[in-house]
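Trainee: Using only what follows, build the 3D model:
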Amino acid sequence: MKSLFLGTAVLALSASFAMADTVRLGTEGAYPPYNFINDAGEVDGFERELGDELCKRAELTCEWVTNDWDSIIPNLVSGNYDAIIAGMSITAEREEVVDFTQGYTPPSPSAYAALSADVDLTGGIIAAQTATIQSNHVVDSGATLVEYPTPDETIAAVKAGEADAVIADKDYLEPVVEESDLMFVGEDVALGGGIGMAFRESDSELRGKFDAAISSMKEDGTLNTLISKWEVGGTW
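Mentor: Alright, predicted model coming up:
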(Lines give C-alpha, C1' and ligand atoms only; values in the text may rest on other atoms or scores of the structure.)
Protein backbone atom coordinates (compact mmCIF):
# COMPACT_ATOMS: atom_id res chain seq x y z
CA MET A 1 0.00 0.00 0.00
CA LYS A 2 1.36 3.11 0.86
CA SER A 3 4.38 4.33 2.42
CA LEU A 4 6.99 6.39 3.36
CA PHE A 5 8.58 8.42 5.88
CA LEU A 6 8.52 8.99 9.50
CA GLY A 7 9.61 12.54 10.09
CA THR A 8 12.98 13.54 11.40
CA ALA A 9 14.93 11.59 13.96
CA VAL A 10 13.08 8.87 15.81
CA LEU A 11 14.48 7.37 19.01
CA ALA A 12 14.64 3.60 19.08
CA LEU A 13 13.86 2.00 22.39
CA SER A 14 15.96 -0.83 23.72
CA ALA A 15 13.13 -2.55 25.58
CA SER A 16 12.12 -5.77 23.84
CA PHE A 17 8.81 -7.54 23.83
CA ALA A 18 8.07 -10.13 26.50
CA MET A 19 6.52 -13.16 24.82
CA ALA A 20 4.06 -13.77 27.66
CA ASP A 21 2.35 -10.43 27.10
CA THR A 22 -0.46 -9.57 24.71
CA VAL A 23 0.82 -8.50 21.30
CA ARG A 24 -0.62 -5.15 20.25
CA LEU A 25 -1.14 -4.86 16.50
CA GLY A 26 -1.17 -1.29 15.21
CA THR A 27 -3.20 -0.39 12.12
CA GLU A 28 -4.70 2.73 10.57
CA GLY A 29 -8.32 1.65 10.31
CA ALA A 30 -8.93 3.94 7.32
CA TYR A 31 -7.65 2.15 4.23
CA PRO A 32 -10.18 -0.35 2.87
CA PRO A 33 -10.02 -3.13 1.88
CA TYR A 34 -6.78 -3.54 3.86
CA ASN A 35 -8.10 -2.12 7.13
CA PHE A 36 -11.13 -0.09 8.18
CA ILE A 37 -13.54 0.41 11.06
CA ASN A 38 -16.83 -1.46 10.58
CA ASP A 39 -20.31 -0.47 11.75
CA ALA A 40 -19.67 -2.13 15.10
CA GLY A 41 -16.67 0.14 15.65
CA GLU A 42 -14.16 -2.70 15.24
CA VAL A 43 -11.09 -3.06 13.04
CA ASP A 44 -12.07 -5.04 9.95
CA GLY A 45 -10.74 -5.92 6.51
CA PHE A 46 -8.07 -8.06 4.92
CA GLU A 47 -5.43 -7.26 7.54
CA ARG A 48 -7.78 -7.88 10.47
CA GLU A 49 -8.52 -11.36 9.17
CA LEU A 50 -4.89 -11.95 8.28
CA GLY A 51 -3.55 -10.67 11.61
CA ASP A 52 -5.95 -12.80 13.63
CA GLU A 53 -4.91 -15.90 11.71
CA LEU A 54 -1.21 -15.10 12.07
CA CYS A 55 -1.63 -14.67 15.84
CA LYS A 56 -3.43 -18.03 16.01
CA ARG A 57 -0.67 -19.81 14.12
CA ALA A 58 2.04 -18.13 16.19
CA GLU A 59 0.13 -19.06 19.38
CA LEU A 60 0.03 -15.45 20.53
CA THR A 61 -2.71 -13.41 22.18
CA CYS A 62 -3.24 -10.23 20.18
CA GLU A 63 -5.24 -7.04 20.41
CA TRP A 64 -5.79 -4.28 17.86
CA VAL A 65 -4.79 -0.63 18.21
CA THR A 66 -5.56 2.15 15.71
CA ASN A 67 -3.20 5.03 14.99
CA ASP A 68 -3.08 7.86 12.45
CA TRP A 69 -0.91 7.01 9.46
CA ASP A 70 1.53 9.91 9.71
CA SER A 71 2.71 8.86 13.20
CA ILE A 72 2.31 5.10 12.89
CA ILE A 73 6.04 4.28 12.79
CA PRO A 74 7.13 6.69 15.54
CA ASN A 75 4.46 5.24 17.83
CA LEU A 76 5.65 1.72 17.12
CA VAL A 77 9.23 2.69 17.97
CA SER A 78 8.12 4.46 21.15
CA GLY A 79 6.31 1.33 22.35
CA ASN A 80 2.62 2.18 21.91
CA TYR A 81 2.12 -1.16 20.14
CA ASP A 82 4.30 -4.09 19.10
CA ALA A 83 3.79 -4.42 15.34
CA ILE A 84 2.34 -2.54 12.39
CA ILE A 85 -0.02 -4.32 10.02
CA ALA A 86 -1.44 -1.47 7.98
CA GLY A 87 -0.91 -1.82 4.25
CA MET A 88 2.68 -0.64 4.71
CA SER A 89 4.98 -1.06 1.73
CA ILE A 90 8.45 -2.39 2.41
CA THR A 91 10.98 0.31 1.51
CA ALA A 92 14.68 0.82 2.10
CA GLU A 93 14.01 4.07 3.94
CA ARG A 94 11.68 2.46 6.43
CA GLU A 95 14.08 -0.42 6.93
CA GLU A 96 16.53 2.07 8.42
CA VAL A 97 14.15 2.44 11.38
CA VAL A 98 12.08 -0.77 11.60
CA ASP A 99 12.40 -4.42 10.60
CA PHE A 100 9.90 -6.02 8.23
CA THR A 101 8.63 -9.53 7.81
CA GLN A 102 8.55 -10.97 4.34
CA GLY A 103 5.77 -9.51 2.24
CA TYR A 104 2.29 -10.88 2.82
CA THR A 105 1.11 -9.37 -0.47
CA PRO A 106 3.16 -9.01 -3.65
CA PRO A 107 3.79 -5.47 -4.90
CA SER A 108 0.54 -4.06 -6.26
CA PRO A 109 0.29 -1.19 -8.73
CA SER A 110 -0.47 2.39 -7.83
CA ALA A 111 -2.83 4.32 -10.09
CA TYR A 112 -4.11 7.82 -10.82
CA ALA A 113 -7.79 8.75 -10.74
CA ALA A 114 -9.35 12.01 -11.89
CA LEU A 115 -12.62 13.57 -13.03
CA SER A 116 -11.32 14.08 -16.57
CA ALA A 117 -9.19 12.01 -18.92
CA ASP A 118 -7.07 14.96 -20.05
CA VAL A 119 -5.38 15.87 -16.75
CA ASP A 120 -1.67 16.68 -16.72
CA LEU A 121 -0.08 14.08 -14.43
CA THR A 122 3.43 15.51 -14.63
CA GLY A 123 2.65 19.23 -14.49
CA GLY A 124 -0.63 19.34 -12.60
CA ILE A 125 -1.64 19.17 -8.94
CA ILE A 126 -1.72 15.63 -7.59
CA ALA A 127 -3.20 14.55 -4.25
CA ALA A 128 -1.67 11.77 -2.17
CA GLN A 129 -1.80 10.64 1.42
CA THR A 130 0.93 12.07 3.63
CA ALA A 131 4.08 9.97 4.07
CA THR A 132 3.35 7.39 1.38
CA ILE A 133 5.34 5.95 -1.49
CA GLN A 134 2.81 7.64 -3.75
CA SER A 135 3.55 11.09 -2.32
CA ASN A 136 7.26 10.57 -2.94
CA HIS A 137 6.51 9.46 -6.50
CA VAL A 138 4.58 12.68 -7.19
CA VAL A 139 7.57 14.74 -6.05
CA ASP A 140 9.88 12.71 -8.29
CA SER A 141 7.51 13.10 -11.26
CA GLY A 142 7.71 16.90 -11.22
CA ALA A 143 4.01 17.42 -10.51
CA THR A 144 2.81 19.60 -7.64
CA LEU A 145 2.05 17.49 -4.59
CA VAL A 146 -0.77 18.22 -2.16
CA GLU A 147 -0.80 15.89 0.85
CA TYR A 148 -3.69 14.94 3.11
CA PRO A 149 -3.71 12.94 6.38
CA THR A 150 -6.26 10.35 5.23
CA PRO A 151 -7.03 8.64 1.91
CA ASP A 152 -10.64 9.86 2.02
CA GLU A 153 -9.38 13.45 2.01
CA THR A 154 -7.33 12.84 -1.15
CA ILE A 155 -10.49 11.74 -2.96
CA ALA A 156 -12.44 14.70 -1.61
CA ALA A 157 -9.71 17.07 -2.84
CA VAL A 158 -10.15 15.89 -6.43
CA LYS A 159 -13.94 16.11 -6.22
CA ALA A 160 -13.67 19.63 -4.79
CA GLY A 161 -11.27 20.80 -7.51
CA GLU A 162 -8.35 21.22 -5.11
CA ALA A 163 -6.31 18.65 -7.07
CA ASP A 164 -6.31 17.47 -10.67
CA ALA A 165 -5.87 13.81 -9.76
CA VAL A 166 -5.17 11.45 -6.88
CA ILE A 167 -2.62 8.65 -6.76
CA ALA A 168 -3.01 5.67 -4.43
CA ASP A 169 -2.93 1.88 -4.42
CA LYS A 170 -5.09 0.74 -7.31
CA ASP A 171 -6.97 -1.79 -5.18
CA TYR A 172 -7.98 1.08 -2.87
CA LEU A 173 -9.10 3.25 -5.80
CA GLU A 174 -11.05 0.59 -7.72
CA PRO A 175 -14.25 0.72 -5.60
CA VAL A 176 -13.99 4.51 -5.44
CA VAL A 177 -13.90 4.74 -9.24
CA GLU A 178 -16.78 2.26 -9.57
CA GLU A 179 -18.98 4.26 -7.20
CA SER A 180 -18.16 7.84 -8.29
CA ASP A 181 -17.47 10.11 -11.27
CA LEU A 182 -13.73 9.48 -11.00
CA MET A 183 -11.94 7.52 -13.72
CA PHE A 184 -8.52 5.93 -13.98
CA VAL A 185 -6.07 8.02 -16.01
CA GLY A 186 -2.53 7.44 -17.22
CA GLU A 187 -0.52 4.29 -16.68
CA ASP A 188 -0.30 2.19 -13.54
CA VAL A 189 2.89 2.75 -11.55
CA ALA A 190 4.91 -0.01 -9.85
CA LEU A 191 6.08 1.20 -6.44
CA GLY A 192 7.42 -0.47 -3.30
CA GLY A 193 8.47 -4.01 -2.49
CA GLY A 194 5.20 -5.52 -1.35
CA ILE A 195 3.43 -5.12 1.99
CA GLY A 196 4.78 -6.52 5.24
CA MET A 197 4.48 -6.24 9.01
CA ALA A 198 6.87 -3.83 10.74
CA PHE A 199 8.56 -4.35 14.11
CA ARG A 200 11.01 -2.57 16.36
CA GLU A 201 14.54 -3.63 15.53
CA SER A 202 14.90 -5.02 19.06
CA ASP A 203 12.00 -7.46 18.58
CA SER A 204 13.58 -9.96 16.20
CA GLU A 205 12.11 -12.96 18.05
CA LEU A 206 8.56 -11.65 17.74
CA ARG A 207 9.10 -10.74 14.08
CA GLY A 208 10.38 -14.26 13.46
CA LYS A 209 7.18 -15.79 14.84
CA PHE A 210 5.02 -13.77 12.47
CA ASP A 211 7.40 -14.41 9.57
CA ALA A 212 7.04 -18.16 10.13
CA ALA A 213 3.24 -17.82 10.29
CA ILE A 214 3.20 -15.90 6.99
CA SER A 215 5.31 -18.65 5.40
CA SER A 216 2.89 -21.32 6.60
CA MET A 217 -0.07 -19.43 5.12
CA LYS A 218 1.74 -19.14 1.79
CA GLU A 219 2.59 -22.83 1.81
CA ASP A 220 -0.94 -24.10 2.49
CA GLY A 221 -2.66 -21.61 0.16
CA THR A 222 -4.71 -19.81 2.82
CA LEU A 223 -2.93 -16.50 2.19
CA ASN A 224 -3.88 -16.56 -1.49
CA THR A 225 -7.46 -17.37 -0.46
CA LEU A 226 -7.56 -14.28 1.77
CA ILE A 227 -5.97 -12.09 -0.92
CA SER A 228 -8.59 -13.23 -3.44
CA LYS A 229 -11.44 -12.76 -0.95
CA TRP A 230 -10.51 -9.15 -0.21
CA GLU A 231 -9.23 -8.39 -3.75
CA VAL A 232 -5.90 -6.93 -2.63
CA GLY A 233 -2.83 -7.09 -4.85
CA GLY A 234 -1.84 -10.24 -6.69
CA THR A 235 -1.55 -13.79 -5.42
CA TRP A 236 1.65 -15.70 -4.61
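Trainee: List the residue ranges of this protein that fall below the pLDDT cut-off.
Mentor: For the chain, the stretches flagged by pLDDT under 70 are 1-20.
Trainee: Go ahead and flag the most central residue of the chain.
Mentor: Note on the chain: the residue nearest the mean C-alpha position is Gly87, at 2.1 Å, using C-alpha atoms, centre = their mean.
Trainee: Distance check, it against Gly161.
Mentor: As judged by C-beta to C-beta, to the nearest Å, Gly87 and Gly161 stand 28 Å apart. All C-beta spots, glycine's among them, are computed from the backbone N, C-alpha and C.
Trainee: So which bits of stretch 56-73 are buried?
Mentor: By 16 or more other C-beta atoms under 10 Å, the buried positions in stretch 56-73 come out as Arg57, Ala58, Leu60, Cys62, Trp64, Val65, Thr66, Asn67, Trp69, Asp70, Ile72, Ile73.
Trainee: Likewise for stretch 93-104?
Mentor: So stretch 93-104, judged by 16+ other C-beta under 10 Å, has buried residues Arg94, Val97, Val98, Asp99, Phe100, Thr101, Gly103, Tyr104.
Trainee: what do you get for stretch 115-132?
Mentor: Buried, per 16+ other C-beta under 10 Å, within stretch 115-132: Val119, Leu121, Ile125, Ile126, Ala127, Ala128, Gln129, Thr130, Ala131, Thr132.
Trainee: Also stretch 143-158?
Mentor: Neighbour-count burial for stretch 143-158 [16+ other C-beta under 10 Å]: Ala143, Leu145, Val146, Glu147, Tyr148, Thr150, Pro151, Glu153, Thr154, Ile155, Ala157, Val158.
Trainee: biggest separation within those residues, which pair?
Mentor: Greatest spatial distance in the buried residues of stretch 143-158: Ala143 and Thr150, 20.5 Å, computed using C-beta to C-beta.
Trainee: Relative to Lys170, which of the buried residues of stretch 143-158 is nearest.
Mentor: For the buried residues of stretch 143-158, the nearest to Lys170 is Pro151 (12.7 Å; C-beta to C-beta).
Trainee: Quick one: residues contacting the closest one.
Mentor: Ala30, Tyr31, Gln129, Ala168, Tyr172 (C-beta atoms under 8 Å, 6 or more residues apart in numbering).
Trainee: what separates it from Pro32, distance-wise?
Mentor: In terms of C-beta to C-beta, Pro151 sits 9 Å off from Pro32.
Trainee: Name the residues contacting each of the two.
Mentor: Common neighbours of Pro151 and Pro32 (criterion: C-beta under 8 Å, 6+ apart): Tyr172.
Trainee: Name the next helix or strand downstream of the biggest helix by length in the chain, please.
Mentor: Using DSSP state H, we find that the single longest helix of the chain is helix 204-220. On the C-terminal side of helix 204-220, the closest following helix or strand by DSSP states H and E is helix 222-230.
Trainee: can you give me the offset of that next one from its chain's centre?
Mentor: Computed by C-alpha atoms, centre = their mean, to the nearest Å, the chain-centroid distance of helix 222-230 equals 17 Å.
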